[in-house]
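Trainee: next come a sequence and a model predicted from it.
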Protein chains: 2
Amino acid sequence: MIVEMISVGTELLLGNIVNTNARYLSEKCAMLGLNVYYQTTVGDNRERMTEVIRTALGRADLVILNGGLGPTEDDITKDVCAEVMGRSLKEDPGVRAHLEEWYRLRKKKDVPESNWRQALVPEGAVIFENSNGTAPGLAIEQDGKTAVLLPGPPNELYPMVEQHFCPYIQKRQSGVIRSQMVKICGYGESKVEEMLLDLIDSQTNPTLATYAKTREVHLRVTARAATDEEAKKLLKPVIKEIRRRFGAAVYTACEEESLEDVAIRLLKKHDLTVTTAESCTGGLLAARLVNVPGASEVFREGFITYSNKAKRKLLDVSKGTLRKYGAVSKQTAKEMATGGVFAADADVCVAVTGIAGPDGGTDEKPVGLVYIACYLKDEVRVEEHVFKGNRQKIREQTVVQALDLLRRCILESADGK
Amino acid sequence: MIVEMISVGTELLLGNIVNTNARYLSEKCAMLGLNVYYQTTVGDNRERMTEVIRTALGRADLVILNGGLGPTEDDITKDVCAEVMGRSLKEDPGVRAHLEEWYRLRKKKDVPESNWRQALVPEGAVIFENSNGTAPGLAIEQDGKTAVLLPGPPNELYPMVEQHFCPYIQKRQSGVIRSQMVKICGYGESKVEEMLLDLIDSQTNPTLATYAKTREVHLRVTARAATDEEAKKLLKPVIKEIRRRFGAAVYTACEEESLEDVAIRLLKKHDLTVTTAESCTGGLLAARLVNVPGASEVFREGFITYSNKAKRKLLDVSKGTLRKYGAVSKQTAKEMATGGVFAADADVCVAVTGIAGPDGGTDEKPVGLVYIACYLKDEVRVEEHVFKGNRQKIREQTVVQALDLLRRCILESADGK
């Protein structure tokens, strides 16, 4: 099934906001086995929108319109789409009731006159209830083509896609599509593709798609089958093979789990508390750990020791080490990690020191040079990295690598027991 | 001049990456006074790209193609565009020399056979040198229409746009377009628009555009005139009027300056050192300060005190305060800020404590309740906020508000001198 996505919004054309909805919807389409051939963005302009919808219905089987369903005069997506498809609008009693209920419960007032427009739907349209807003989603089917209209605000769009759009598409497909995400840390995208070249080249079912993130690669494995059971059976050996090739670099095979989720999960599992001692990342590493709800069970305090004096005072790094090897050195990283464990009375400490630039680099110690140390059970492991990119990028890569080092240290320590 | 932007890349259609280039280019077009009417994304497919370019040249004056200029077989943007516009490709000696130089200097090897394709340019095209890569930018003019081809990687795109694309467009326009960004913190977008309604409604020259960020609104003021001097003269009274209406909430009128840049600049100016004491933000606030190169002059250390014990141990928050008012309270925030100043021997301390959720909220202290305190010159100012959104959003808003509180405290303290 060929898909064209149409995003509606002058704010997109002005560059006021990034079109994250298009990315989200495209990924969902890929997961559903749909082929997105075109993405188009158009403003809140009747003439141009008419033309764009007409073109899309001419070249795609499924046209997904996103945005422009609000209650204001500018919001014309529904009107224009209904007109192009030759449908008249009529009030839907279900949507009307939802609107009344919405205002009664949340706004404690009657529906404003302008909002009644949202109860009008194209005749014969399938209606997707909006659990987080007033504009319903709509699907209009005609002559083998389908137009789907979805609201713009992400907090309305995402649940509607999960609850209504995906099941609506799945019901119309023969069989089932099931996908699973395998997340890998520490390999670049081209290396991952190289290591999976035979699988990627021969892929028909399941298929493999790679998503490059900062120092991570996410692999989506998607299978098509008659039943969910069969699809699962198709996925299993491929995921097993990926795990075999990448070993411990696969940190999860769960869509929702992030690297910090895994780190916190492992800390809880092994009953360990953690602290952080950060120089160049200046708190970013701790902030990633605290992203995880319930992190307080294993993380109680962290240190940002940007100056040498702070490293000495808070982490007891020795003056001699700083003088002899410098703040950005294996030795300092090691002493920071050890000092952190004692200062916080924690089981584990991850320490980071490096040169994030743009200044401060030398031939011997270039911008991007970073040392990451992890103290666990009387042992300190230190890694040296030279990251590329600007200050921001170097710090982001450092944090990912630090979380991964923490994860690997816990795993290996547990294995060694 | 009507613009259509065409992004080329299958990875965009699969939802692997967000199209940040489209946002960047659209904003640049807005700054140049160009009207982007359509944004289209198409994959690396000859047939569909041909159709998309043809349609674009039919409905727009300027078509900006982005991506697909690389050396691989997949990269067909230049070939397809030249074909649609009836131009043959021929090798350009300048581009050839650039390629040779590039490989000699950076890769220390000869140009690979496949890369010579990049020296081919459509006959009669204007060439934009690529200072960060091998693919040149191109402009093809024909029958009053122009196609501009720009490389996809942001580190190649951005400098090329600044150095070549903008001057190329400006040279073809009568007169000059000049814009200035005014950044406001602490007002929502709708409030800003309300307060500027008369200016927005009557705008012709200069024009005003609002860009909503987390707890910030950026206002782009754009003027058109015969000369740069005249454009500046048109901008001046509007910017003065915005400053009059928003007062100290305007934190900068400089495109490149961020809130943390301003905070660090003010700290340096007033010869103050700063520290941070964070609970729910878990290091994010310090990380924002450390974003600024040279932050080490004013920021030496920071504390992440997630647990009550850490608040007591590192910041000397009293047991009684924690017991009586709780960790999320005005009193605790105040003691954290005071304790931070003494612990770090700094002049200023910003402290943050709150409930970021999803759990931990009560009727009395709901999720989103945050206290931010700033200690400066024996005075502590505390603000109470209730932020909306998920854990991530609450923490982001907290950090922006904390940076702004720091900024305002320094300004007011300096005023009071």
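Mentor: Sure thing, it's come through.
Trainee: make sure A:Leu196 is actually in contact with A:Ile242.
Mentor: Yes: A:Leu196 lies in contact with A:Ile242 (C-beta atoms under 8 Å); the separation is 7.2 Å. Every C-beta, even on glycine, is put in place using the N, C-alpha and C of the backbone.
Trainee: excluding chain neighbours, what is closest to A:Asn115?
Mentor: Distances taken as C-beta to C-beta, 6 or more residues apart in numbering or on different chains put A:Pro71 closest to A:Asn115, at 4.5 Å, once the chain neighbours are dropped.
Trainee: coming back round to it: intersection of neighbour lists for A:Leu196 and A:Ile242?
Mentor: Shared contacts of A:Leu196 and A:Ile242, defined by C-beta atoms under 8 Å, 6 or more residues apart in numbering or on different chains, comprise A:Leu219.
Trainee: for A:Cys374, give its distance to chain B.
Mentor: Distance of A:Cys374 to chain B, computed by C-beta to the nearest C-beta, to the nearest Å: 17 Å.
Trainee: same deal with A:Val262?
Mentor: Relative to chain B, and taking C-beta to the nearest C-beta, A:Val262 is found at 18 Å.
Trainee: for that residue, give me its contacts.
Mentor: Taking C-beta under 8 Å, 6+ apart, one finds A:251-252, A:407 in contact with A:Val262.
Trainee: ditto for A:Lys388
Mentor: The neighbours of A:Lys388, taking C-beta under 8 Å, 6+ apart as the test, are A:368, A:394.
Trainee: make it 10 Å
Mentor: With contacts defined as C-beta atoms under 10 Å, 6 or more residues apart in numbering or on different chains, A:Lys388 is in contact with A:367-368, A:394, A:397.
Trainee: help me confirm that the residue nearest to A:Asn115 comes into contact with A:Leu120.
Mentor: No: using C-beta atoms under 10 Å, A:Pro71 is not in contact with A:Leu120, being 11.1 Å away.
Trainee: may I have the helix or strand of chain A with the lowest mean pLDDT exported as PDB, CA atoms only?
Mentor: Between all helices and strands in chain A, the lowest mean by mean pLDDT, DSSP states H and E belongs to strand A:207-213, at a mean of 84. C-alpha atoms of strand A:207-213 as PDB (Å, rounded to 0.1, in the frame of the first residue of the first chain):
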ATOM      1  CA  THR A 207      12.800  -7.200   7.200                       C
ATOM      2  CA  LEU A 208      15.500  -5.200   9.000                       C
ATOM      3  CA  ALA A 209      15.700  -1.400   9.300                       C
ATOM      4  CA  THR A 210      18.500   0.500  11.100                       C
ATOM      5  CA  TYR A 211      18.000   3.700  13.100                       C
ATOM      6  CA  ALA A 212      21.200   5.600  13.900                       C
ATOM      7  CA  LYS A 213      21.300   7.400  17.300                       C
END
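Trainee: is it positioned near chain B?
Mentor: Yes: using C-beta under 10 Å from any C-beta of the partner chain, strand A:207-213 reaches chain B at A:209-213.
Trainee: can you list the strands that that strand pairs with?
Mentor: According to DSSP bridges, strand A:207-213 has the following sheet partners: strand A:216-225 (antiparallel).
Trainee: quick one: mean pLDDT for the strand it pairs with?
Mentor: If you average the pLDDT over strand A:216-225, you get 92.
Trainee: can I get the CA coordinates of that strand in CSV?
Mentor: Included here for strand A:216-225 are C-alpha records, laid out as CSV according to Å, rounded to 0.1, in the frame of the first residue of the first chain:
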residue,chain,number,x,y,z
GLU,A,216,23.6,3.7,19.4
VAL,A,217,22.0,1.8,16.5
HIS,A,218,18.4,0.6,16.8
LEU,A,219,17.4,-2.3,14.6
ARG,A,220,13.7,-2.8,13.8
VAL,A,221,12.9,-6.3,12.8
THR,A,222,9.5,-6.7,11.2
ALA,A,223,7.7,-9.9,10.2
ARG,A,224,4.5,-10.5,8.3
ALA,A,225,2.4,-13.6,8.9
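Trainee: how far does that strand sit from its chain's centre?
Mentor: 15 Å (C-alpha atoms, centre = their mean, to the nearest Å).
Trainee: ok, then the element right after that strand?
Mentor: On the C-terminal side of strand A:216-225, the closest following helix or strand by DSSP states H and E is helix A:228-246.
Trainee: just the angle between that next one and strand A:216-225, please?
Mentor: 150 degrees (axes from the mean of the first three to the mean of the last three C-alpha atoms, to 10 degrees).
Trainee: mind checking what secondary structure A:Lys324 has?
Mentor: Assigned with DSSP: H, G, I helix; E, B strand; the rest coil, A:Lys324 falls in the helix class.
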